[in-house]
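Peer 1: sharing a model that was predicted from the sequence below.
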Amino acid sequence: MAITCDQVWNSPEKQTGSTYTAQLVYVIRGTIDEDEAWQALADGSPTTVATGAKTLKRNSLKVQPLGLDSWRGTSTYGLVAFTPNEVGDSVYGFTIGGGTEHVAQSRSTVAAYAPTGQSPPDFDGAINFDGENVNGVDIRAGGGGFTETHYMSNTQVTDAYKRIVARLYAHMNASPFKGHDRGEVLFDGAQGTRRGDDDWEVTFKFIVSKTRRNFDVGSIRVAEKLGWDYLWVYYLRSVSENVIVKQPRAIYVERVYEFGDIASLGIGT
């Protein structure tokens, strides 16, 4: 049985400001396969339509089932041409910002004041000490993240590959990755959608925290804290200006995420 694609409706030209759109609607008959229906719509609908003011280019195609072997097809037109992504194509995005981070220690004490004739106690950078605890403060956490969408073939997205992706979740990069040093990128997961029978659209998500080197916490010099390592401060009580204070006694940099070979995702480095 031959596959047919018959137009049933041509919407009028639409204009919003300087944006023009139009739609052509079709009924496709003679196939139970969605990919075949989509291809029939692609072959049976024009790549451009003329309106009173503009010649519009096709920018999307959509098929929806109507019955056992029939489909409703919609071809949408606008001022931007439709270029379907193919295997090997990539789309990139990024975010700048993040959440908050609770810090108990400042980078430096800029100023300290006390009544005339007295000196303020030296807390060595500890923030919001109430006589018992160093309560700290919430600050904006720097960094951000990025996403990459890749179009991959069925021969790439195998069950074994899916297991590799699952194992790498919440791992740091063991080697430089996408312009970031070792330990600065955390793999935050992936989402894959199969497109028909031939290929996959897979979006990978990463978050970034920059490494710090040769910085002071109070009077203690820290040689290095990789981006996704965790730093905490051990305090001891001491006396400053006849006041009991807490001052950093030791700094600990903890490894809380494992390293992973993120390059094995197969999306480049």
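Peer 2: Cool, the structure landed.
Peer 1: which stretches of the stretch 151-269 of the chain form strands?
Peer 2: Ranges of strands in the stretch 151-269 of the chain, per DSSP state E, counting those that start in this stretch, are 172-173, 185-195, 199-208, 212-217, 220-225, 230-240, 243-254, 259-260.
Peer 1: and the contacts of the longest one?
Peer 2: The one in question is strand 243-254. Residues outside strand 243-254 that contact it (C-beta atoms under 8 Å, 6 or more residues apart in numbering) are 105, 121-126, 129, 131, 134, 217-220, 222, 224-226, 229-240. Just so you know, the C-beta spots here come from the backbone N, C-alpha and C atoms, and that holds for glycine as well.
Peer 1: run the angle between that strand and strand 220-225 for me.
Peer 2: Counting by axes from the mean of the first three to the mean of the last three C-alpha atoms, to 10 degrees, strand 243-254 points 20 degrees away from the direction of strand 220-225.
Peer 1: per-domain residue ranges of the protein.
Peer 2: 4-78, 85-269 (automatic domain parsing).
Peer 1: reformat those domains as JSON lines; add mean neighbour count and mean pLDDT.
Peer 2: Converted to JSON lines, the domains of the chain look like this (neighbours: other C-beta atoms under 10 Å; pLDDT from 0 to 100):
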{"stretch": "domain 4-78", "mean neighbour count": "15", "mean pLDDT": "85"}
{"stretch": "domain 85-269", "mean neighbour count": "14", "mean pLDDT": "88"}
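Peer 1: how near is the residue nearest to residue 118 when sequence neighbours are not counted to residue 124?
Peer 2: Excluding the flanking residues, the one nearest residue 118 by C-beta to C-beta, 6 or more residues apart in numbering is residue 241, at 7.1 Å. From residue 241 across to residue 124, the span is 13 Å (C-beta to C-beta, to the nearest Å).
Peer 1: dump the residue contacts of residue 103.
Peer 2: Per C-beta under 8 Å, 6+ apart, neighbours of residue 103: 127, 136, 137, 138, 139.
Peer 1: quick one: the third one and residue 105 touch, right?
Peer 2: Pointing back at residue 137 there. No - look at residue 137 against residue 105 with C-beta atoms under 8 Å: they stay out of range, at 10.1 Å.
Peer 1: what is in contact with these two at once?
Peer 2: With C-beta under 8 Å, 6+ apart as the test, residue 137 and residue 105 both reach residue 127.
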